[in-house]
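J.: just coords:
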């Protein structure tokens, strides 16, 4: 992938992460530990907190160089207030990617996150030629469920113990958009109030599954 983009909106700027963002990122993560840790992706068999921000950024930039990731940060009033990572980018017959994000507590509820997700998705659909974007959300994460609902990401299903979060395997609801669903763009559809109703609705059966986690086998 070429140089990481900078995407502007009146509410937020979404730009490529830089190694020099490490200190601001570590500060944001530390100051918002209780707010973010329930939703933080982790790695099995690796102790929580085992890597520093600078190393993580370098790994993300290497993945971006290989074309498999789009690592971005959210900037509001010249301050780093969140991170947005697009991963598992594949081209060719699949042309798909997966998107995740976090914002600091003080920036939540201001409309930044839906705009940032829309900007990144539009960039990958219309500038890079991707066809499908997926967002997976823990059932307990009501704020992120509101984001996909606001943007009209279509509900695609329940995935048992899908992603390692906060030190354990966690169930997720999965949502997606394909480019044909948003010919004028995700952001334009959102800001025009043209998101179709009900496409993000989670069936009651899947809520039942989420409320009844699978029992662990005896050791």
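T.: Everything's here; your move. These figures come from a predicted structure and were not determined experimentally.
J.: CA atoms for contacts and neighbours, from now on please.
T.: Fine.
J.: Is it correct that residue 88 falls within a strand?
T.: Yes - the assignment for residue 88 by DSSP: H, G, I helix; E, B strand; the rest coil puts it in a strand.
J.: What residues are bridge-paired with the spatially most central residue of the chain?
T.: Most central in the chain under C-alpha atoms, centre = their mean is residue 100, positioned 1.5 Å from the mean C-alpha point. Here residue 100 sits in beta bridges with residue 85, going by DSSP bridges.
J.: How about the contacts made by it?
T.: Residues near residue 100 by C-alpha atoms under 8 Å, 6 or more residues apart in numbering: 84, 85, 86, 135, 136.
J.: And these, which is closest to residue 190?
T.: Proximity of those to residue 190 (C-alpha to C-alpha) peaks at residue 135, which lies at 16.6 Å.
J.: Which of the three states applies to the closest one?
T.: Once three-state DSSP is applied, residue 135 turns out strand.
J.: where's it relative to residue 209, distance?
T.: 19 Å (C-alpha to C-alpha, to the nearest Å).
J.: Compare the two and say which is more crowded by neighbours.
T.: Set residue 135 next to residue 209 and count neighbours by other C-alpha atoms under 10 Å: residue 135 wins out with 24 against 14.
J.: which residues sit in contact with that one?
T.: Under the criterion of C-alpha under 8 Å, 6+ apart, the contact list for residue 135 reads 98, 99, 100, 148, 174, 175, 176.
J.: at 7 Å instead, please
T.: 98, 99, 100, 174, 175, 176 (C-alpha atoms under 7 Å, 6 or more residues apart in numbering).
J.: likewise residue 119?
T.: Contacts for residue 119 were tallied using C-alpha under 7 Å, 6+ apart; they are 7, 187.
J.: give me the number of residues near residue 81?
T.: A count of nearby residues for residue 81, using other C-alpha under 10 Å, gives 23.
J.: On the three-state scheme, it is what?
T.: Reducing the assignment at residue 81 to three states with three-state DSSP gives strand.
J.: And it, how close does it get to residue 103?
T.: Applying C-alpha to C-alpha to residue 81 and residue 103 gives a distance of 6 Å.
J.: now do residue 210
T.: Taking C-alpha to C-alpha, one finds residue 210 at 24 Å from residue 103.
J.: got it, and residue 120?
T.: Applying C-alpha to C-alpha to residue 120 and residue 103 gives a distance of 15 Å.
J.: One more: residue 180?
T.: As defined by C-alpha to C-alpha, residue 180 lies at a distance of 29 Å from residue 103.
J.: and what of residue 110?
T.: With C-alpha to C-alpha as the criterion, residue 110 and residue 103 are 11 Å apart.
J.: Which of these two has more residues huddled nearby?
T.: Just comparing residue 110 and residue 103: by other C-alpha under 10 Å the higher neighbour count belongs to residue 103, 22 against 9.
J.: Without its sequence neighbours, what residue ends up closest to that one?
T.: Excluding the flanking residues, the one nearest residue 103 by C-alpha to C-alpha, 6 or more residues apart in numbering is residue 82, at 4.0 Å.
J.: What is the neighbour count of that neighbour?
T.: The burial metric for residue 82, expressed as a neighbour count using other C-alpha under 10 Å, is 24.
J.: And for residue 201?
T.: Neighbours of residue 201 using other C-alpha under 10 Å come to 15.
J.: so residue 171 makes contact with residue 164?
T.: No - Residue 171 is beyond contact range of residue 164, at 9.0 Å (criterion: C-alpha atoms under 7 Å).
J.: Noted, bye for now.
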